[in-house]
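A.B. asks: This is a predicted model, with the sequence first.
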Amino acid sequence: MPKKASNPPIVENLQDQVEGLQEQVKPDPRAHKRPLPYRIGIFVACLAGLLFLLSYAPPEQREVLWRAMTLQRNLIVPMLTLGLLALSLLWARGQEIDNRAFLFFNLRGRRPRWLDIALGTFSQLGSGILAIGLAVYFLRSNRDLSLQLVLGTLTLSLMVEVIKALTDRARPFLANPNARVVGWREPGRSFPSGHTSQIFFLAALLNHQMEPGLVLGGLMYAIAAGVGFTRMYVGAHYPRDVVGGALLGLMWGTLANLIDPYWVPFFLVFG
């Protein structure tokens, strides 16, 4: 009987590398979990901050806000979708698909240094600095919008941290040793993307308030989508984090338009 031919060493080496990469795209969802007491502490602290801000609203205004929220049926679909996205994080196969999509956006194609710098800088449009700058710009000409920008940015940041504490999803660069990180390694958890939520909040709020028309309004959402893409490019978020952030930002922008400028006393006290 003739002996079965064995693979050359170089082929076996390549097979080992391929198997290693295949294992890397199957991250353990239990890895990099934070201790439960720490998560509870973050959740309670952020929720308390959110309730603290809301406590400055007079009772009749809170009632009006709640009634208006229940009448906004267009919020039901994104709210349910965001909930399903959060639940899908428990789905192991979904995690694998999400990870493959992340590696595609994060590693695919040439990445010259100038492109890293350009997209890394563009990504920071969702850091909240743009919202604060616009709030200062509109402070004299449109005080209500200025207050909505500040209030919406602060409360949205807290809501993002509350959801992150609940989902406790690790950043993709922790589960993928080969992931590219442009700039610094973002701290905190991954779901949802805070930068994406902030820039979609801005786009939704400004479209409601300023009614800029189809072209300029579409450009705002295109910029928001571009920021979402860069969050995967710089290695900070999975695709589902970006989608979740976009849904949350859109909902927050709509809710911000329901809030009257009853936050003036808050700013008078702390301003």
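C.D. replies: It's in.
A.B. asks: At which residues are the helices of this protein located?
C.D. replies: In the chain, the helices defined using DSSP state H lie at 9-24, 36-54, 59-71, 76-88, 92-107, 113-123, 129-137, 143-167, 172-175, 194-210, 214-233, 239-256, 264-270.
A.B. asks: Dump those helices to JSON lines, plus mean neighbour count.
C.D. replies: Where C-beta positions appear, they are placed from N, C-alpha and C, glycine not excepted. Below are the helices of the chain laid out as JSON lines (neighbours: other Cβ atoms under 10 Å):
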{"stretch": "helix 9-24", "mean neighbour count": "10"}
{"stretch": "helix 36-54", "mean neighbour count": "14"}
{"stretch": "helix 59-71", "mean neighbour count": "12"}
{"stretch": "helix 76-88", "mean neighbour count": "14"}
{"stretch": "helix 92-107", "mean neighbour count": "16"}
{"stretch": "helix 113-123", "mean neighbour count": "14"}
{"stretch": "helix 129-137", "mean neighbour count": "16"}
{"stretch": "helix 143-167", "mean neighbour count": "20"}
{"stretch": "helix 172-175", "mean neighbour count": "20"}
{"stretch": "helix 194-210", "mean neighbour count": "25"}
{"stretch": "helix 214-233", "mean neighbour count": "18"}
{"stretch": "helix 239-256", "mean neighbour count": "25"}
{"stretch": "helix 264-270", "mean neighbour count": "11"}
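A.B. asks: now the ones you listed as JSON lines including distance to Gly188?
C.D. replies: Listed next are the helices of the chain as JSON lines, based on distance: least, Cβ to Cβ, whole Å:
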{"stretch": "helix 9-24", "distance to Gly188": "23"}
{"stretch": "helix 36-54", "distance to Gly188": "9"}
{"stretch": "helix 59-71", "distance to Gly188": "28"}
{"stretch": "helix 76-88", "distance to Gly188": "16"}
{"stretch": "helix 92-107", "distance to Gly188": "17"}
{"stretch": "helix 113-123", "distance to Gly188": "15"}
{"stretch": "helix 129-137", "distance to Gly188": "17"}
{"stretch": "helix 143-167", "distance to Gly188": "6"}
{"stretch": "helix 172-175", "distance to Gly188": "12"}
{"stretch": "helix 194-210", "distance to Gly188": "8"}
{"stretch": "helix 214-233", "distance to Gly188": "13"}
{"stretch": "helix 239-256", "distance to Gly188": "11"}
{"stretch": "helix 264-270", "distance to Gly188": "25"}
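A.B. asks: and Arg185, which of those helices is closest to it?
C.D. replies: helix 172-175 (6.4 Å; Cβ to Cβ).
A.B. asks: elements contacting that closest one?
C.D. replies: helix 92-107 (3 or more Cβ pairs under 8 Å, 6 or more residues apart in numbering; DSSP states H and E).
A.B. asks: Go ahead and name everything in contact with the helix it packs on.
C.D. replies: For helix 92-107, contacts defined as Cβ atoms under 8 Å, 6 or more residues apart in numbering pick out 25-27, 29, 88-89, 172, 175-176, 178-180, 229, 232-233, 235, 237-240.
A.B. asks: hmm, try it at 10 Å
C.D. replies: Applying Cβ atoms under 10 Å, 6 or more residues apart in numbering, the external contacts of helix 92-107 come out as 21, 24-29, 85, 87-89, 91, 169, 172-173, 175-176, 178-182, 229-243.
A.B. asks: what's the answer for stretch 117-132, then?
C.D. replies: 111-112, 148-150, 152-154, 156-157, 181-184, 193-202, 205-206, 223-224, 226-234, 236, 245, 249.
A.B. asks: circling back to that earlier point, worst mean pLDDT among the helices of the chain?
C.D. replies: The minimum mean pLDDT among the helices of the chain belongs to helix 264-270 (a mean of 49).
A.B. asks: residues contacting Arg185?
C.D. replies: Arg185 neighbours (Cβ under 10 Å, 6+ apart): 171, 173-174, 234-236.
A.B. asks: Perfect, I'm done here.
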